[in-house]
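Undergrad: Below: sequence and its predicted model.
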Amino acid sequence: MFQIKRICCIGAGYVGGPTCSVIAQMCPEITVTVVDVNESRIKAWNSDTLPIYEPGLKEVVESCRGRNLFFSTDIDSAIRDADLVFISVNTPTKTYGMGKGRAADLKFIEACARRIVEMSDGYKIVTEKSTVPVRAAESIRRIFDANTKPSLNLQVLSNPEFLAEGTAVRDLKEPDRVLIGGDETAEGQKAIRALCAVYEHWVPKERIITTNTWSSELSKLAANAFLAQRISSINSISALCEATGADVEEVAKAIGMDQRIGNKFLKASVGFGGSCFQKDVLNLVYLCEALNLPEVASYWQQVIDMNEYQRRRFACRIIDCLFNTVTGKKIALLGFSFKKDTGDTRESSSIYISKYLMDEGAKLFIYDPKVLKEQIIHDLSQPSISEDNPERVSELVTVTSDPYEACQSAHALVICTEWDMFKVPVTFYYYFYFFKCFVFEEYVRKHFNSHICLIPPQELDYDKIYKNMLKPAFMFDGRRVLDHLHPHLQSLGFQVRFTKKKSSNPSIM
Ligand SMILES: NC(=O)c1ccc[n+]([C@@H]2O[C@H](COP(=O)([O-])OP(=O)(O)OC[C@H]3O[C@@H](n4cnc5c(N)ncnc54)[C@H](O)[C@@H]3O)[C@@H](O)[C@H]2O)c1
């Protein structure tokens, strides 16, 4: 059996970096080199401040960097030396020409294929890790065939990555499955076996699935489409709940207990974000159209349309509650990453909610525990968001590193990301109540320790926030992370809103 001793991964992003770090940790006898054209990214991978935030990733990198894990910009040498090359570059939605706004832009994949064939000699396995349209491997193979030389033997595999940002290390160490697609020829099967052997270092054999190349490529697109569809489905039901008086959390619980449905991905929210769901569903839609399957295309397009509708509906709800105008009003937006435990803002719903509020002239004060100020300003300055007027962003947006400053004198607080620090466990509030009611908090503060803080500093003190906001103080919980605290927050004086909720209690709309 062909044994892989050296791996090169092209693309040191959210997939290439964590995936290859885990491979290096699990396979100490394999040398893994992650390369990228982006020098600052590589520099960061070689520093104490990694370019991406993922729980547990720093420990993995530090355990093998310099031993059998390397980050480099010397792409050619890494390709030349490798037995296996992962292509893990970005495949964004096309922003020009045919398929603009829907098709995947494969120019980075093509650039990699050309470089690989130029730099290679002898036998090498080339593996698509990026998410690509079905039959992308065929295009790679055509580039190889058109540029082949004597003694060159390049085998193409598909090995899509299913990790989720925020839980990448756990997903990589304990994957639900590893999928490897390749040719049904003897050569193809040999390459598949070699890659299986890498994963078998830590993944049980029964979780490693092998298929033909096209099934593997399509499975990744289909998996993301199904996940996105579940979110859009529950969000569509949330609109119906608000119109009828049903509670979407109760409905989600009831339907999720059906084992055929399951309870995951049934949380109504401000919509899905991230670099993949929208891009991959759009890619699927484009593929269906190109294959003359218009009914299938429009079925999946609805998943995207529903997501946009949910974001717009949430922003409209904020404007509506703030007496139909937010012009010049301070609004605190808590959370900018597309989900908790990542600093990634690509396609984050926060961007679109900010856009709708900026369009109405609201003054936004944004806080996120992991997203850099420059990133937020960059995202909001994109022409599609700031209406070709990036000055508006400096006029209307302030990014702060202090959530209390963001909320100071604000008309409304909007939670856009489900960060744990926004959640405050209910038990803590019981404890807080106990002290407040029975031990006389003020007395404790005065006589024992004037700085005593009954709320741990890593979690938000909504009492303090409420006191410093303008009244009525509105709270829009776009992730429903504070459902369990609504009675308490209302007793503090907050006007708590998710989206519109029919209720006999006038303080909950
Ligand atoms: N982010 C996720 O959660 C996730 C999960 C599963 C699959 N994917 C897929 O994996 C792929 C990569 O996603 P990502 O989030 O890591 O993207 P990313 O943008 O974070 O990283 C891609 C990297 O590739 C580099 N690159 C581009 N062209 C290059 C070239 N010719 N040579 C060397 N480097 C080059 C870029 O500089 C960039 O650093 C995409 O197809 C994506 O759809 C992403």
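TA: Yes, it's here.
Undergrad: Would it be right to say that residue 180 lies in a helix?
TA: No - looking at residue 180 with DSSP: H, G, I helix; E, B strand; the rest coil, it is strand, so not inside a helix.
Undergrad: Can you tell me, leaving aside adjacent residues, what's nearest to residue 56?
TA: residue 169 (4.0 Å; CB to CB, 6 or more residues apart in numbering). The way it works is simple: take the backbone N, C-alpha and C, and place the C-beta from them, glycine included.
Undergrad: Same check on residue 312?
TA: That would be residue 356: by CB to CB, 6+ apart, it lies 6.5 Å from residue 312.
Undergrad: next one: residue 41
TA: Nearest non-adjacent residue to residue 41, counting by CB to CB, 6+ apart: residue 51, 4.9 Å away.
Undergrad: who's in contact with residue 366?
TA: By CB atoms under 8 Å, 6 or more residues apart in numbering, the contact set of residue 366 is 332-333, 336, 350, 354, 376, 397-400, 406.
Undergrad: Apologies, that question was intended for residue 214.
TA: Counting by CB under 8 Å, 6+ apart, residue 214 has contacts 134-135, 137, 181.
Undergrad: on that earlier part again, can you list the contacts of residue 366 in CSV and add pLDDT?
TA: Below are those laid out as CSV (pLDDT from 0 to 100):
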residue, pLDDT
332, 98
333, 98
336, 98
350, 98
354, 98
376, 98
397, 98
398, 98
399, 98
400, 97
406, 98
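Undergrad: On the pLDDT front, check residue 8 for me.
TA: Looking at residue 8, its pLDDT is 98.
Undergrad: Can you tell me the SS state at it?
TA: Assignment for residue 8 (three-state DSSP): strand.
Undergrad: circling back: buried members of the contacts of residue 366 into ChimeraX, please.
TA: In ChimeraX syntax, the buried subset of these is picked out as below (16 or more other CB atoms under 10 Å):
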select :332,333,336,350,354,376,397,398,399,400,406
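Undergrad: unless I'm mixing things up, residue 51 is touching residue 39, no?
TA: No - contact criterion CB atoms under 8 Å: residue 51 and residue 39 do not qualify, at 11.3 Å.
Undergrad: picking up where we left off before, and the residue nearest to residue 56, backbone torsions?
TA: phi -70, psi -50 (degrees, to the nearest 10).
Undergrad: got a pLDDT number for the closest residue to the ligand within the chain?
TA: In the chain, the residue that lies nearest the ligand is residue 13 (1.9 Å; CB to the nearest ligand atom). As predicted, residue 13 sits at a pLDDT of 98.
Undergrad: and residue 51 and residue 39? which has more neighbours close in?
TA: When neighbours are counted by other CB atoms under 10 Å, residue 51 and residue 39 differ, and residue 51 comes out ahead with 19 against 9.
Undergrad: Next, the contact list for the more buried one, please.
TA: Residue 51 neighbours (CB under 8 Å, 6+ apart): 12, 17, 40-41, 44-45.
Undergrad: Can you classify it by secondary structure?
TA: Reduced to three states by three-state DSSP, residue 51 is coil.
Undergrad: re the thing from before, is it fair to say the residue nearest to residue 312 lies in a helix?
TA: Yes - under three-state DSSP, residue 356 sits within a helix.
Undergrad: contacting residues for it?
TA: Per CB under 8 Å, 6+ apart, neighbours of residue 356: 311-312, 315-316, 319.
Undergrad: now do residue 151
TA: 121-122.
Undergrad: so after the strand or helix carrying residue 113, what's the next helix or strand?
TA: If you go by DSSP states H and E, residue 113 is part of helix 107-119. Tracing the chain past helix 107-119, the next element assigned as helix or strand by DSSP H and E is strand 123-128.
Undergrad: who's in contact with that following strand?
TA: 2, 4, 82-87, 109, 113, 116, 136-137, 140, 144, 153-160, 191, 194-195, 217.
Undergrad: now do 6 Å
TA: Contacts to strand 123-128, defined as CB atoms under 6 Å, 6 or more residues apart in numbering, come from residues 84-87, 116, 137, 153-159, 191.
Undergrad: Also stretch 344-354?
TA: By CB under 6 Å, 6+ apart, stretch 344-354 touches 165, 270-271, 273-275, 278, 311, 315, 336-338, 364, 371, 375, 379-380, 416.
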